[in-house]
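Undergrad: can't give you the sequence, but here's the structure:
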């Protein structure tokens, strides 16, 4: 029986993987890649897309968004996953707390709302599959022992195999009865013990020692500082690197892989390398914003740094000392004026629309400026996050049997960022007015074209009304290291 | 003018320092060493003690007691400093919280009692100089930011230059208003920020990650364990070493010297060595109990360990990886039966009378068993603690101008430990029934003989009724490292 | 135009890469992989091979043989590359000195024979392309400054981009005129300076401090030891790890990637990890013999180790601390009796026929015993060596455009090793009499089936008379690290 | 019997040790310190020296001279030990090869002259005790296996317990028969194996990878460089640090203490710290010239460095990362014009008269400029070298029973260095014309005043005609670490 007709063929494009690029025709059937061929001959197909002069990458795998924090989850999915699709992201990792995964939006959760994840997963999956335009996996934000103890169940039954700890919000309620000095405590929070419980998966940490940062905050306030750059001075490199060092140690003791969510300083990288020398399984992520925006631009946790540090981060990316990029996309739903109070202490932390600028910023600042190759971009934006979070080669790869998630890139497309281009609810971008070169012009999710940006059009249009995203369960215990 | 008459001369003894031992006559005048001579000729003196066949050591400098925790401070001084004197300790470092330094005993302090140390020092000094039989210096136990901010003042005005943080009792009240999840918190506690404030002195840490220990405690309880050895399993090596690693990092960042109060595992030593390689100024203390008692003997924080670990601790002592010995002497004032509830979770933590057994245990188990030389004992029990805590060569040395604090040791004196021998309020000893070889037979404080144990007598007798101890202020900013 | 007819299709086999395995049909045209498809439908082809029940791997890439050392190079190629083909190796890295690459065989080279590689490459390439049955790349063995200075030229003109230093043969003739004490010296040898010259490529080291080994050799001889295991005691772990530590340092200084040819001890791995933490680009190779044979089996440089060490090497392979396997295949052309003199000091170092047992040993001892997965085997035996030596994805990969080098493996095929099976000139194997499970049953080089082992046949037969191997030039300056 | 009359008393001076300074009277009897007293009263003595306003230090212990290299040993002793005495050095460590220790001067030794040290020691001791004005100990320069094997004997019979290896002159004659490529070799030299033999003592290394330095030398010569600073570029930091790293590793393996003779770069210090973290016993020495002279001043092995590096060396000294100072004094016997050929490649390596400037340079540049305290100077110039080389507390200390070796320092004495002041045979100084503040004004060797510099006199005069120096045997196996 001869090779049958494909549903879709992408041909004449330069197909890029971490190992190189080559003209390859991609045949897609039933949402998966079913054929790869070289040569001038076509595969037969119901639809054929000519990518001549363009680059075909695996759909971007962004491990970090925080949809649903400030707006109801379904609304967040509706607006932000369109933005992601337009930006070339087809697999999106959500890092979120359990109260925020429910149908009914809880703005300010209370202790009673912090239930184990296995209780909310059915609801969450239903929301994802009704409202998301891209595929979604979950990294649960652990705050209680009960949640930590639930890990094996939520991993087994719902394929949640990564968990996050906000180290800047540590607190130990259960420790309080033990010592005279700690009789009362907050209803929320967690501690090293909670972390210690969480073995069967990958542990993600937001490394930032708030206890030290508060000292600097006090001093800066007393010195009358209100500018954005004060935010970097408030939380210096050792607030971040100290946590990396500490939790890398416990990761080594438990044998649990550790994922450093925001790696923004040379000192953190040094600690990561030392931990690897001790045999610790440790990965790191930075963001396109940490690579390109200086600390006077906005407030974010952990802070933006300075130019010299950005240069070190690019180097670390090239050297494999940083493994991934994550957007840390937040859906604030507020205008720039609503967010920027003119005083860093009052301004909202984190700027919106990060996912839309992600790929064009990496292409403009990274690839076109010779800081990384396009192959390296595929490695850190597609392959590595998929590997680390247990999705590879279903996601992050262009291989037979992989999901047909693709993004077609026009490296020469130039566009100035304007509010008109933005799908995110906030409607504005930190990169506004900046001309970026290199844009995604088509995004394909499991064989379906979901966005397309024709030459001359003002922005990518969403080519489907149906939110076709799926929840992605993962296998517990995948061999995580080395990627 | 010829060399005048001495107040006291000790002659014919082997005078021991870390550099060697030699027959030297020691002349004392006005409480200080005023002459050292070799040769058979005597110095003229009002009193001459013949130490033929005996060893003359500097008075022991024990950096760690906790007098006043469970009993009023003046009562603690009355009983326990006699015990110290009988044990050969002439300089005693107190590690204590500010509410416990007052004339009026506060059994269970409240938040309002936690005042800056400079407020309580006059009272404290008065109690010391009225009730202590040995000299006393203070390591303040910092629990609030206000106390941390008071450090320069208490250092300058009262010579308090060392501070301790109980890492197993961390908590951050001031952090709670900053994040939605931490709205309420305990009235007590401190955090990394508090520590970060405390630069001008030496920072002592009790390294024990209680947050992790609680997980093991839960598991051990659920497994029905109630034996003493469970206490070691509850707080494994990484609970201790993890803290050493973390706080060594911040010590490196701040340039502040760090003193690891209980060093009981190889893993902690490894972290200490790594920190030194990074240029961190870090010292470590272990206890004679950690060197000689196995985990099935009693409950204490941090826990006693096993035989293999004890062997490593002796090695580390020899190699200079551990710098000091501290007794961690606590004045419980309770009998063994009152303390041991037959269930480790109920039993009182820490056993009494440690200071009395200190020197004989080190001589019996260390010197007589060839694990350390007598010179090394002088280094780790006298010289190094005096150096590290800024008292050398006033204390810890036998040199011209040093305080005439001496302990005369009979290396051959053998005695079985009995309750009759004990001066400590508790009236019992963990070493009861054990025959120890090598005892202090005379203790001299600033030229005054304060204890004496004549051959044949059941124990050392206190030869003075007057509590002649003084408070020892220290100079801020002494160059602390290397010792 | 429809997808044309393929020259060859391999279908129904499990295609294995480091990322997973999947049933994929492989279409080959003009020696390259031209199509990959899933599904039951066939690609049209002139020849179709049904690999049902079998595994299709990239042809093995073995970075280390020493053909031509003991026999003329063309004879070595004739016999040994057949053995390689039968063993599933399609890309073979030769590590050799320049005098051994000539048409006329020089048994015992003299100083004048040690010419720069660019002088001998045309001759060498002609020999390869006339006599080798598999593809060949070269790692030149640098012994003189002139050779080191020739590196840019030989890299640019002949694509030689890797070089080896025999650290056990170090000597510095040019240093001798400089110091009174070194007036005369050998005509051969090299030194750290020679190494330092060699930047534009990857430096391979044989780490073994012969200067120390000679001391142990003397002692063992004086103690009357003549058994094989004495060879391990002669060159203990630190002879190897010491060199790794030293040359990793210089690699860090120069920024030159370093490849540790024989990694056989935990101590070497520790040094490799420490070097990585310092940002050094360092790779390591071990051999299937180091993973499976104990030190009492034979003499080899560096020595075989003990059982405990083998277990650590498997672990290191799994953890990614060791990157590659190399056979270190030598063509001795002598029988076992000729080689084994019954006295380890007289016995020839290194046993023959290693390449033939390579894959079956890795499958039997590694895959079937659960020490590594088949995917991991592909990573360390195919992908990683190809990446490190600048051949990926032309070699070591199953992707569109890659050379159609494949080995079809029958995981259930069982055979006892006998002399009848051997193609190597020596005619014997250290694994004789051992039953191995899992064998290559077909080897395909650039689309041509070159060996085939039908079920029931005594061994693989070479299915071609034409030595179709080619010399593989590489691109200088490929980004080598991380792989 | 009352304290008898002393031979000599030094009183009213500030006596300085590493622990502090204090007014103490020193009583000397039979060449040793027999009494130390405070207070205004005098000890009775045959001679009393009033050191009012001056500082009394232990005689300097300089671990490194190379007397006898270029001139007959007895001539070297005659001139240079007067210089040492005038400079305040009372204990001088000689580092020398065995052919240079004989009565008959061998200018250019041959292989046959390189005999084991135990054969030359009687002769050497006789020369020392007939011609030296200061006490001498020996660090033998090992070049052959025979010498290494002789170590236990020379240690036991002659108290030689330290040995030096010139790593820049490595060569392995005995290795040459083993490998075809190394058939001929120099008659001299040694290798790692020789080093490995040398366990029972302390191993001193001159760390400088000449094999790499030759490459830089070639390049610098081809670039036409002839200036002094080229010498630093010829042997960059990693030539030194690489050797430290390598030999620290073998020191760790053998448990043998290692002494890094010239520590001149931050990179070497980093390696020393890392080695200490691995438990290696490693000490380091720098020179007063490395602390104060820039690379454009003269040629020396290892080279002088730049200003920034000097600042780091002072810091390392303060932090205890460098333990000792050594003068590396060489007796060239040639004028400046004879030595400086105007071309660094021709100029003699090493400048003369270092010992005379040693103490004044350390006082002027170190103490008066606030880089180190006077106590620290005593630690690194007296105590530490004496401890490390097994001479403490006989030497390097001011304590009862110590040799009465003292140097009285006038911190305010100012003098410009001129050729008239110089006792060294060369008759010139690199510091000529420089005004130094702080000079030794009296040197006492075992109770005898051997030099004195009265106020107003042009230089110190030697107050004795009798060369009263003695050879200092040491005890093998003293516990060397930590100092």
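TA: Arrived safely, thanks for sending. Owing to the predicted nature of the structure, the values given are computational and were not obtained by experimental measurement.
Undergrad: Could you grab the helix/strand/coil label for the nearest residue to residue A:46 once chain neighbours are set aside?
TA: Spatial nearest neighbour of residue A:46, excluding adjacent residues (Cβ to Cβ, 6 or more residues apart in numbering or on different chains): residue A:7 at 5.7 Å. To be clear about C-beta, it is placed using only N, CA and C from the backbone, and glycine gets the same treatment. In three-state terms, and counting by DSSP: H, G, I helix; E, B strand; the rest coil, residue A:7 is strand.
Undergrad: Out of the helices and strands in chain A, which is least certain?
TA: helix A:192-197 (a mean of 51; mean pLDDT, DSSP states H and E).
Undergrad: re earlier: okay, now the residue nearest to residue A:46: neighbour count?
TA: 17 (other Cβ atoms under 10 Å in any protein chain shown).
Undergrad: Could you do residue A:343 as well?
TA: Applying other Cβ under 10 Å, I find that residue A:343 has 12 neighbouring residues.
Undergrad: That one against residue A:226, yeah?
TA: Yes - here residue A:343 reaches residue A:226: they are 4.4 Å apart, a contact under Cβ atoms under 8 Å.
Undergrad: ok now do residue A:321, which residues does it touch?
TA: Shown in contact with residue A:321 (Cβ atoms under 8 Å, 6 or more residues apart in numbering or on different chains): A:269, A:272, A:273, A:284, C:279.
Undergrad: Tell me the pLDDT of the residue nearest to residue A:46.
TA: pLDDT, residue A:7: 96.
Undergrad: same deal with residue A:76?
TA: For residue A:76, the predicted pLDDT is 97.
Undergrad: from what I can see the residue nearest to residue A:46 touches residue A:44, true?
TA: No - in this structure, residue A:7 is not within contact of residue A:44 by Cβ under 8 Å, at 10.8 Å.
Undergrad: Distance from the chain centre to stretch A:405-415, please.
TA: Here stretch A:405-415 is found 20 Å from its chain centre; the criterion is Cα atoms, centre = their mean, to the nearest Å.
Undergrad: Repeat that for stretch A:350-365.
TA: Worked out by Cα atoms, centre = their mean, stretch A:350-365 lies 12 Å from the chain centre.
Undergrad: try stretch A:368-387
TA: Using Cα atoms, centre = their mean, the offset of stretch A:368-387 from its chain centre is 14 Å.
Undergrad: Next, the distance between the ends of that stretch.
TA: With Cα to Cα, to the nearest Å as the measure, stretch A:368-387 spans 26 Å from end to end.
Undergrad: Strands along the stretch 301-450 of chain A, start to end?
TA: A:324-325, A:329-330, A:406-416, A:435-445, A:448-452 (DSSP state E, counting those that start in this stretch).
Undergrad: So for residue D:413, which of these sits nearest?
TA: Among those, the nearest to residue D:413 by Cβ to Cβ is strand A:324-325 (66.6 Å).
Undergrad: model confidence over the top helix by length along chain A, on average?
TA: Counting by DSSP state H, the longest helix found in chain A is helix A:237-254. Averaged over helix A:237-254, pLDDT sits at 91.
Undergrad: One more: stretch A:215-226?
TA: 90.
Undergrad: near chain B, anything from it?
TA: Yes - judged by Cβ under 8 Å from any Cβ of the partner chain, stretch A:215-226 comes into contact with chain B at residue A:215.
Undergrad: what sits against whatever residue of the stretch 101-250 of chain A ends up closest to chain D?
TA: Nearest to chain D, among the residues of the stretch 101-250 of chain A, is residue A:245, at 15.3 Å (Cβ to the nearest Cβ). By Cβ under 8 Å, 6+ apart, the residues touching residue A:245 are A:271, A:274, A:275, B:245, B:246, B:249.
Undergrad: Identify the residues contacting the second one.
TA: What it means is residue A:274. Residues in contact with residue A:274 (Cβ under 8 Å, 6+ apart) are A:245, A:248, C:277.
Undergrad: Return the residues in contact with the last one.
TA: Residues near residue C:277 by Cβ under 8 Å, 6+ apart: A:273, A:274, A:276, A:277.
Undergrad: do residue A:397 as well
TA: Contacts of residue A:397 (Cβ under 8 Å, 6+ apart): A:17, A:58, A:382, A:383, A:386, C:19.
Undergrad: Stretch A:319-328: end-to-end distance?
TA: 23 Å.
Undergrad: tell me the mean pLDDT for that stretch?
TA: The model assigns stretch A:319-328 a mean pLDDT of 96.
Undergrad: partners of the helix or strand in which residue A:48 is found in the sheet?
TA: Element membership of residue A:48, judged by DSSP states H and E, is strand A:45-50. Here strand A:45-50 has these sheet partners by DSSP bridges: strand A:6-11 (parallel).
Undergrad: what angle sits between the strand it pairs with and strand A:435-445?
TA: With axes from the mean of the first three to the mean of the last three Cα atoms, to 10 degrees defining the directions, strand A:6-11 sits at 160 degrees from strand A:435-445.
Undergrad: wait, isn't residue A:89 in contact with residue A:356?
TA: No - counting by Cβ under 8 Å, residue A:89 does not reach residue A:356; the two are 9.2 Å apart.
Undergrad: tell me which of the contacts of residue A:397 is nearest to chain D?
TA: Nearest member of those to chain D, counting by Cβ to the nearest Cβ, is residue A:383, at 34.6 Å.
Undergrad: Could you check how far that closest one is from chain C?
TA: Residue A:383 is 9 Å from chain C, where distance means Cβ to the nearest Cβ, to the nearest Å.
Undergrad: what does stretch A:112-128 contact?
TA: Contacts with stretch A:112-128, where a contact means Cβ under 8 Å, 6+ apart, come from A:73-74, A:77, A:97-99, A:101-103, A:106, A:136, A:138, A:140, A:143-144, A:146-147, A:149-150, A:153-154, A:157-158, A:160, A:188, A:469-471.
Undergrad: Give me the buried subset of those residues.
TA: Buried subset of those (neighbour count, 16 or more other Cβ atoms under 10 Å in any protein chain shown): A:73-74, A:77, A:97-99, A:101-102, A:136, A:138, A:140, A:143-144, A:147, A:150, A:154, A:158, A:160, A:188, A:469-471.
Undergrad: about what we covered before: quick check: which of the strands of the stretch 301-450 of chain A is buried the most?
TA: A comparison of the strands of the stretch 301-450 of chain A by mean neighbour count, using mean count of other Cβ atoms under 10 Å in any protein chain shown, puts strand A:324-325 on top with a mean of 30.
Undergrad: Mind listing the residues bridging to residue A:284?
TA: Counting by DSSP bridges, residue A:284 is bridged to residue A:260.
Undergrad: which one is residue A:405 nearest to, not counting chain neighbours?
TA: residue A:59 (3.2 Å).
Undergrad: Could you give the number of residues near the one you found?
TA: Neighbours of residue A:59 using other Cβ under 10 Å come to 32.
Undergrad: residue boundaries of the strands in the stretch 151-300 of chain A?
TA: For the stretch 151-300 of chain A, strands defined by DSSP E, counting those that start in this stretch occupy the ranges A:162-166, A:202-206, A:258-260, A:282-286.
Undergrad: Would you mind putting those into CSV with distance to residue B:34 alongside?
TA: Below are the strands of the stretch 151-300 of chain A laid out as CSV (distance: least, Cβ to Cβ, whole Å):
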stretch, distance to residue B:34
strand A:162-166, 62
strand A:202-206, 61
strand A:258-260, 62
strand A:282-286, 61
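Undergrad: Go through the ones you listed and find the least confident stretch.
TA: It's strand A:162-166: among the strands of the stretch 151-300 of chain A, that one has the lowest mean pLDDT, namely a mean of 86.
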